[in-house]
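K.L.:
Prediction below, plus the sequence it came from.
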Amino acid sequence: MASGNPTRAGRRKARTLFLSDIHLGFRHARVRELNEFLHALEAEQIVLVGDIVDALSLARRAFWSAEHTQVVRALLARQRAGTRLIYIPGNHDASLAMLAQMLRGQLEIHREWVHRTARGERLLVLHGDQFDSELPCPGWLMRLGDALYTATILLNHGVNELRRALAAQHAHAQGYDGVICGHIHRANLRRIDGALYGNSGDWVESCTALLENEDGALELLRWPLAQPAALRSTAALAPRAA
């Protein structure tokens, strides 16, 4: 894992933290691990890249524990302490009525957002469900895959590769240096035809996040940070040279 600058409280310090697919309100969300992860990091800004609250799961079967509330409180405490908090809705939390009431307007909400790294790269940030309609899959199969997202059996390697390519091409066509997204629960960080592609993964299966260090380098992290992980040994990606 690339080294970061610790704060006086012992937390690792970062410029930007990207989190997606937490699925608060879903029984199998890894909220205990996320609370530990948030306690270990401090970022100047936190970008929530969709499916933070799982409104679809809550509509089917209401579930919400004290640990789910603790995640929300931890994020809002960071905002009150000066961290910029940005929310990009996903397909599971597209309806913001409940969310707006829960968070009381304490964050910025955008459908898409442009992040400028410390080195000046412009990255388009979106959830990623925008590209579902461009996949060569029947509508009923996509709906079934969404209902079974905890297993993600139907989101096979070929479909995920196509999603990544579509996202990178979309950002490149609009003049951005790359894209950061979530949605498919598969953490990834690489360049596709010269465009940066970053996926922050999820907090149902992999417990991963995307981090921008203070020098602008991007890195994928898997919790717990103290244990070896293939992502941490290979996923640091320095900014493209100007």
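P.N.:
Arrived safely.
K.L.:
where along this protein do the strands fall?
P.N.:
5-6, 12-19, 41-48, 84-87, 108-109, 113-116, 122-125, 178-181, 188-192, 195-199, 208-212, 218-222 (DSSP state E).
K.L.:
could you give me the average pLDDT of the fourth one?
P.N.:
So that's strand 84-87. Mean pLDDT, strand 84-87: 93.
K.L.:
What pairs with that strand, parallel or antiparallel?
P.N.:
Each strand paired with strand 84-87, and its direction, by DSSP bridges: strand 41-48 (parallel), strand 108-109 (parallel).
K.L.:
and of the strands of the chain, who's closest to residue 34?
P.N.:
Nearest to residue 34, of all the strands of the chain, is strand 12-19, at 7.9 Å by CB to CB. C-beta here means a position set from N, CA and C on the backbone, and glycine is covered the same way.
K.L.:
what's the angle from that closest one to strand 195-199?
P.N.:
Orientation note: strand 12-19 sits at an angle of 90 degrees relative to strand 195-199 (axes from the mean of the first three to the mean of the last three CA atoms, to 10 degrees).
K.L.:
per-residue confidence averaged over strand 12-19?
P.N.:
With pLDDT averaged residue by residue, strand 12-19 scores 96.
K.L.:
Next, the buried residues of that strand.
P.N.:
By neighbour count with 16 or more other CB atoms under 10 Å, strand 12-19 contains the buried residues 12, 13, 14, 15, 16, 17, 18, 19.
K.L.:
Which two of those residues have the greatest separation?
P.N.:
In these, the most distant members under the criterion CB to CB are 13 and 19, with 16.5 Å between them.
K.L.:
Buried ones in the longest helix along the chain, by neighbour count?
P.N.:
Longest among the helix segments of the chain by residue count, using DSSP state H, is helix 157-173. For helix 157-173, the neighbour count (16+ other CB under 10 Å) marks 159, 160, 163, 164, 166, 167, 168, 169, 170, 171, 172 as buried.
K.L.:
Also stretch 28-43?
P.N.:
In stretch 28-43, the ones that count as buried by 16+ other CB under 10 Å are 29, 30, 31, 34, 35, 37, 38, 40, 41, 42, 43.
K.L.:
ok so, going back, going by distance to residue 181, which of the buried residues of helix 157-173 wins?
P.N.:
residue 167 (5.5 Å).
K.L.:
Any figure for the gap between that closest one and residue 180?
P.N.:
Separation of residue 167 from residue 180 (CB to CB, to the nearest Å): 9 Å.
K.L.:
close enough to count as contact, residue 83 and residue 44?
P.N.:
Yes - between residue 83 and residue 44 a contact is recorded at 6.6 Å, counting by CB atoms under 8 Å.
K.L.:
circling back to that earlier point, same list, the buried residues of stretch 28-43, but as CSV with pLDDT please.
P.N.:
Below are these laid out as CSV (pLDDT from 0 to 100):
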residue, pLDDT
29, 96
30, 96
31, 96
34, 97
35, 97
37, 96
38, 95
40, 93
41, 93
42, 94
43, 97
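K.L.:
so which two of those are the farthest from each other?
P.N.:
Taking every pair in the buried residues of stretch 28-43 and measuring CB to CB, the maximum separation is 22.7 Å, between 29 and 42.
K.L.:
low-confidence ranges in this structure?
P.N.:
Per-residue confidence of the chain (counting by pLDDT under 70) places the weak regions at 1-9, 94-105, 133-158, 226-242.
K.L.:
Give me the neighbour count for residue 114.
P.N.:
Applying other CB atoms under 10 Å, we find 12 other residues in the vicinity of residue 114.
K.L.:
what's the distance between residue 207 and residue 117?
P.N.:
Residue 207 sits 24 Å away from residue 117 when distances are taken as CB to CB.
K.L.:
what residues are up against residue 39?
P.N.:
Taking CB atoms under 8 Å, 6 or more residues apart in numbering as the contact definition, residue 39 lies against 11, 74.
K.L.:
No further questions, thank you.
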